[in-house]
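S.K.: My questions are about this predicted structure, shown below with the sequence.
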Amino acid sequence: MPAKTQPARGMRDFLPADLRKREYVIRVIKETYERYGFEPLETPAVENIETLLGKYGEEGNQLIFKILKRGEHERTGEADLALRYDLTVPLARVVAEYGERLPKFFKRYQIQPVWRADRPARGRFREFYQCDVDVAGTRSPVVEAELCAAATDALTALGFTNFTIRLNHRQVLAGVLDAAGVAADKHADALVALDKLDKIGREGVARELAGRGIRPESGEELLGFFENLPALEHAAEFVAGDGGGTEVSKAEAYNRAALGRLVEFVGDNESGARGVDELRRIVEYAAACGAADRIKIDPSLARGLSYYTGAIMEISVPDLAGSLGGGGRYDNLVGMFSGKDIPACGFSLGLERIIVVMTERGMFPENLERAAADVLVTVWDEESVRDSLAFAAGLRREAPALRVDVYPDADKLGKQLKYASSRGVPFVVVIGEDERARGEVALKDMASGGQETVARAHAAAILSERLYGNKS
RNA sequence: GCGGCUAUAGCUCAGUCGGUUAGAGCGCCUGACUGUGGAUUAGGAGGCCGUGGGUUCGAGCCCCACUAGCCGCCCCA
């Protein structure tokens, strides 16, 4: 049987056209993060397994790719290493490890692959890139606001217009559930069920809540709260339209209304009230950053990772069931490594999902698909190979912007032109016996089919002018 | 992890009721073409029909298992 040549399940090869797109998206995101004062970080693909275990919740633990011990221990099936599952935990480890050597506020971005032993699906792979930005060292909601602004800028620069950053808060969630009388150990169950409200409807959620052992009175109370949230949209529209001189967008009006509703429902639940207050400040600060219209407070947002302690956010677009990215505040994660409580908050954009949506909507710039070379230098026969190589080297030296390819075989000229044509190379250089004798080359413009004979010494300048219009 | 669909040439796909040498379009290669691509035209190569088993006189087609992919659920970036 021939060896399997497909990549391992859920993993992908990236051919040149794929990589052009990926590099473009990464470049835009990186430039955006840099403009907010974030610095780059890379960490190893592999972490000690105890670094990862117990950080992501039960589900996460099972999806970690583990690496068996090597050598004589291999038989035991015991793992001591694992592929990183996200970029947040490695950051927390780095912050714990380098402590005082890092700036007081450590703002870093990190764009690297992570691995999850998940089942592959649309926009979901076992190896995929995350584009993380995080700030360690402060509890200020300025961070949340700036992260939302940076993510907004990055997506806008890529051409997205219809995304929403859903915003919620772990303590607010807890407060709401407490207020409804859901026992602390049932919080997670309640959230899973409530998350499906827009999919399976009120009846379905009520059934699921009951099935998960939540008291009907509590369920009813929660449903009453969540069900009425959409109504706030209409109210918000009314308020926004009614402006009367004050500049209030629909999104802002909605957020204010939602905050008001949360205050009412949470009541005197202390941590819940504090959480609502934090949300209010995040929204205000985000407004100052110019990102307020993207943010929508969504009290039903939960997120799976267990390390979040405060604000949580997630980016949605209508095209995709999942999210384009997400993040939140994790004030205790660094402490799990060093014992020192260093607060942190971060955000992650999912490269693969962004690319899925951009590909489907045709959002990539056209020049990404341009040919790999600007000029193909053909070879006349075996004897003239050196001459063609030398001429190509001269072109590269005289016009560094020119991308020059040399045809490697002494094939018939027609075949060489056909190759240039199929590769989309715009210019071809032909050096036949006549041209060589006269110290000239023939310059063929593949688009027009036209051809001119020029002195070798002028070829670089003429090509530059034809391609870039600069008459240097 | 659960349910459904799919697997035939490099690509997209046809293949009748189970019947002999498995087809098309596109792509690729060669020629017509003299020192020149695209267009036209004449040829050509290329398939253990996903893998393994079973039913049958006979399997691309029917049955089972496995593998991989796609869609939904769950979960997630």
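M.R.: The structure has been received and is ready for your questions. Predicted, not measured: the structure shown is a model, and the values here were computed from it.
S.K.: Tell me how many other residues crowd A:G224.
M.R.: 12 (other CB atoms under 10 Å). All C-beta atoms are positioned from the backbone trio N, CA, C, and that covers glycine.
S.K.: what's the answer for A:I462, then?
M.R.: Neighbours of A:I462 using other CB under 10 Å come to 17.
S.K.: measure it to A:G469 for me?
M.R.: 12 Å (CB to CB, to the nearest Å).
S.K.: cool, and A:F65?
M.R.: 51 Å.
S.K.: who's more crowded, those two?
M.R.: Set side by side, A:F65 and A:G469 show more neighbours around A:F65, with 19 against 7, by other CB under 10 Å.
S.K.: Without its sequence neighbours, what residue ends up closest to that one?
M.R.: Distances taken as CB to CB, 6 or more residues apart in numbering place A:L83 nearest to A:F65, at 4.2 Å, with adjacent residues excluded.
S.K.: Can I get the lowest-mean-pLDDT helix or strand in chain A as CSV, trimmed to CA atoms?
M.R.: Here the helix or strand of chain A ranked lowest by mean pLDDT, DSSP states H and E is helix A:229-241, holding a mean of 71. Provided in CSV are the C-alpha atoms of helix A:229-241 (Å, rounded to 0.1, in the frame of the first residue of the first chain):
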residue,chain,number,x,y,z
LEU,A,229,-33.5,41.3,26.7
PRO,A,230,-34.3,41.4,23.0
ALA,A,231,-37.1,43.8,23.8
LEU,A,232,-34.4,46.3,24.9
GLU,A,233,-33.3,46.5,21.3
HIS,A,234,-36.5,48.2,20.3
ALA,A,235,-36.4,50.5,23.3
ALA,A,236,-32.8,51.4,22.4
GLU,A,237,-33.8,52.2,18.9
PHE,A,238,-36.5,54.5,20.2
VAL,A,239,-34.1,56.2,22.6
ALA,A,240,-31.4,56.6,20.0
GLY,A,241,-33.8,58.0,17.4
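S.K.: Show the contacting residues for A:G54.
M.R.: Neighbouring residues of A:G54 by CB atoms under 8 Å, 6 or more residues apart in numbering: A:N61.
S.K.: cool, A:K196 as well?
M.R.: The neighbours of A:K196, taking CB under 8 Å, 6+ apart as the test, are A:G204, A:V205, A:E208.
S.K.: and A:K104, how many neighbours does it have?
M.R.: Neighbours of A:K104 (other CB under 10 Å): 8.
S.K.: quick check, it in a helix?
M.R.: No - A:K104 is assigned coil when assessed by DSSP: H, G, I helix; E, B strand; the rest coil, not a helix.
S.K.: looking at it, it is touching A:G137, isn't it?
M.R.: Yes - counting by CB atoms under 8 Å, a contact exists between A:K104 and A:G137, whose distance comes to 5.5 Å.
S.K.: neighbours of the residue in chain A that RNA strand B sits nearest to, just the number please.
M.R.: In chain A, the residue that lies nearest RNA strand B is A:G304 (1.5 Å; CB to the nearest atom of the strand). Residue neighbour count, defined by other CB under 10 Å, stands at 15 for A:G304.
S.K.: For it, what are phi and psi?
M.R.: When read as degrees, to the nearest 10, the backbone of A:G304 gives phi -80, psi -30.
S.K.: quick one: it and A:E59 touch, right?
M.R.: Yes - if you go by CB under 8 Å, A:G304 and A:E59 touch, sitting 6.4 Å apart.
S.K.: How about the contacts made by the residue of chain A closest to RNA strand B?
M.R.: Counted by CB under 8 Å, 6+ apart, A:G304 has contacts A:Y56, A:G57, A:E59, A:G60.
S.K.: check those against RNA strand B, which are close?
M.R.: Among the contacts of A:G304, the residues that sit close to RNA strand B (CB under 7 Å from any atom of the strand) are A:E59.
S.K.: In a markdown table, list the contacts of A:G304 along with pLDDT, secondary structure and distance to A:E78.
M.R.: A markdown table is the format used below for the contacts of A:G304 (pLDDT from 0 to 100; DSSP: H, G, I helix; E, B strand; the rest coil; distance: CB to CB, whole Å):
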| residue | pLDDT | secondary structure | distance to A:E78 |
| --- | --- | --- | --- |
| A:Y56 | 85 | coil | 20 |
| A:G57 | 78 | coil | 23 |
| A:E59 | 76 | helix | 22 |
| A:G60 | 81 | helix | 20 |
